[in-house]
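Q: Sequence plus the predicted model coming up.
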Amino acid sequence: MKQKIFVSRAIFPEVLARLEQHFEVQSNQEDRIYSADELLAAAKGRDGLFTTPSEPVTAALFAANPQLKAVCNMAVGYNNIDVAAATAAGVMATNTPDVLNETTADFGWALMMATARRITESEHFLRAGKWKKWSYDSFVGPDVHGATLGIIGMGRIGQAIARRSLGFDMQVLYHNRSRLKPEQEAHANNAQYVSKEELLKRADHVVLVLPYSKETHHTIGAAELALMKPTATLTNIARGGIVDDAALIEHLRAGRIAAAGVDVFENEPAFKPEFLSLTNVVLTPHIASASTPTRLAMANCAADNLIAALSGQTPPNLLNP
Ligand code: DGY
């Protein structure tokens, strides 16, 4: 008899078909975001769950579903899963690292460039029929080439962002839980390890790529924003909650930093409406990994993990210690 799984959101039909070859699949066809309680109920009688960052996978879910063997998240981030509770309950938890590094780094650059060079703001101006003349000071902003790039969170994506900066003649500063090996720093455009404070004071463009946890909550708040140059930009492609969005809005409104690119929000998909009244912010709906090949690779990676876990093998991307 086939084992039973629940797929918590709509996914690529070919990946669903692949899962159906292995398992009896139930899925959330209507693609509504389930609450913690709804997911708990949907997990009843299931051996495995295929989840996304939108659904909370809680200790209560594990307690209510002792038959569950694996939860496989289609994302590198897994702050939606209580991994400690999974481990205590003997449930394997997995994520999808590596397959999205380059695509996410591309997007970090796209958002940083759009932010620094005021792309969306000027496009809105043009679309609104306001463009009447070329002017020496129209939509001027900071340069990206030759500037100092500050990366907070120097994992695989942070390093991919740093590598791209070589072509822009940038100096790279980084801050991370631990310092990289010298050969990794060399490969990341000779990135220099500095304190968070020094990075914020010196960088022209700050990019956030660190995972969310209780420890990284509000890594960037009012005190940190106050250290940045008034001409600097901040790009958040990490997770909502890494930045104190209220403090960011205040600093953008007062022009205490030049601009921000924000792909992730506290409490997304809800976000603070004050963002919409600011012209010096570029807003995108959590799409840093959203290229077609990468999203397909992420879905297949989560499926690989689930297939391995439920066939008694160690899944390639096991998170439990
Ligand atoms: C991830 O993989 O964690 C991304 O944020 C989802 O695209």
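A: Arrived safely.

Q: Counting neighbours, what do you get for residue 256?
A: 15 (other C-beta atoms under 10 Å). The way it works is simple: take the backbone N, C-alpha and C, and place the C-beta from them, glycine included.

Q: ok, now residue 247?
A: 17.

Q: and the stretch 51-200 of the chain, which of its residues are near the ligand?
A: Within the stretch 51-200 of the chain, the residues that sit near the ligand (C-beta under 6 Å from any ligand atom) are 53, 75, 76, 77, 100.

Q: can I get the residues you listed in CSV with neighbour count, secondary structure and pLDDT?
A: Shown next, in CSV, are these (neighbours: other C-beta atoms under 10 Å; DSSP: H, G, I helix; E, B strand; the rest coil; pLDDT from 0 to 100):
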residue, neighbour count, secondary structure, pLDDT
53, 21, coil, 95
75, 20, coil, 98
76, 22, coil, 97
77, 17, coil, 97
100, 24, coil, 98
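
Q: May I ask which two of the residues you listed are separated the most?
A: 53 and 100 (12.1 Å; C-beta to C-beta).

Q: what's the straight distance from one end of stretch 283-297 to the other?
A: 25 Å (C-alpha to C-alpha, to the nearest Å).

Q: do stretch 311-320 as well
A: Using C-alpha to C-alpha, the end-to-end distance of stretch 311-320 comes out at 17 Å.

Q: Which residue comes closest to residue 156 once chain neighbours are left out?
A: In space, and not counting its chain neighbours, residue 156 is closest to residue 101: 4.7 Å by C-beta to C-beta, 6 or more residues apart in numbering.

Q: now swap in residue 195 and tell me
A: Nearest residue to residue 195, sequence neighbours excluded (C-beta to C-beta, 6+ apart): residue 175, at 6.5 Å.

Q: Check residue 218 too.
A: Counting by C-beta to C-beta, 6+ apart, residue 218 lies nearest to residue 244, which is 4.6 Å off, once chain neighbours are set aside.

Q: can you give me the helices for the stretch 1-150 of the chain?
A: Here the stretch 1-150 of the chain has its helices, by DSSP state H, counting those that start in this stretch, at 13-22, 36-42, 59-64, 83-88, 101-116, 119-127.

Q: other SSEs contacting the fifth one?
A: Spelled out, it's helix 101-116. With contacts taken as 3 or more C-beta pairs under 8 Å, 6 or more residues apart in numbering; DSSP states H and E, helix 101-116 sits against helix 156-164, strand 205-208, strand 233-236, strand 259-262, strand 281-283, helix 292-310.

Q: what angle sits between that helix and helix 156-164?
A: For helix 101-116 against helix 156-164, the angle by axes from the mean of the first three to the mean of the last three C-alpha atoms, to 10 degrees is 60 degrees.

Q: just how off-centre is helix 101-116 within its chain?
A: On the basis of C-alpha atoms, centre = their mean, to the nearest Å, helix 101-116 sits 12 Å off its chain's mean C-alpha point.

Q: Touching that helix from outside, list them.
A: The contact list for helix 101-116 (C-beta atoms under 8 Å, 6 or more residues apart in numbering) reads 119-120, 141-144, 156-157, 160-161, 163-164, 205, 207, 209, 233, 235, 237, 258-261, 263, 281-282, 284, 287-291, 293-294.

Q: same thing but at 7 Å, please
A: Here helix 101-116 makes contact (C-beta atoms under 7 Å, 6 or more residues apart in numbering) with 120, 141-142, 144, 156-157, 160-161, 164, 205, 207, 209, 233, 235, 237, 259-261, 263, 282, 284, 287-289, 291, 294.

Q: can you give me phi and psi for the spatially most central residue of the chain?
A: For the chain, the residue nearest the mean C-alpha position is residue 238 (3.8 Å; C-alpha atoms, centre = their mean). The phi/psi pair for residue 238 (degrees, to the nearest 10) reads phi -90, psi -90.

Q: Settle this for me: it is touching residue 208, isn't it.
A: Yes. Assessed by C-beta atoms under 7 Å, residue 238 is found in contact with residue 208 at 4.5 Å.

Q: For these two, list the residues in contact with both.
A: Residues touching both residue 238 and residue 208 by C-beta under 7 Å, 6+ apart: residue 153.

Q: Could you check how far residue 147 is from the ligand?
A: Here residue 147 is placed at a distance of 26 Å from the ligand (C-beta to the nearest ligand atom, to the nearest Å).

Q: Pretty sure that residue sits against residue 205.
A: Yes. Contact criterion C-beta under 7 Å: residue 147 and residue 205 qualify, at 6.0 Å.

Q: Of the two, which one has the most company?
A: With neighbours defined as other C-beta under 10 Å, residue 147 and residue 205 compare such that residue 205 has more, 27 against 20.

Q: what are the bridge partners for that one, then?
A: In this entry, residue 205 is beta-bridged to residue 149, residue 233, by DSSP bridges.

Q: Thanks again, I'm all set now.
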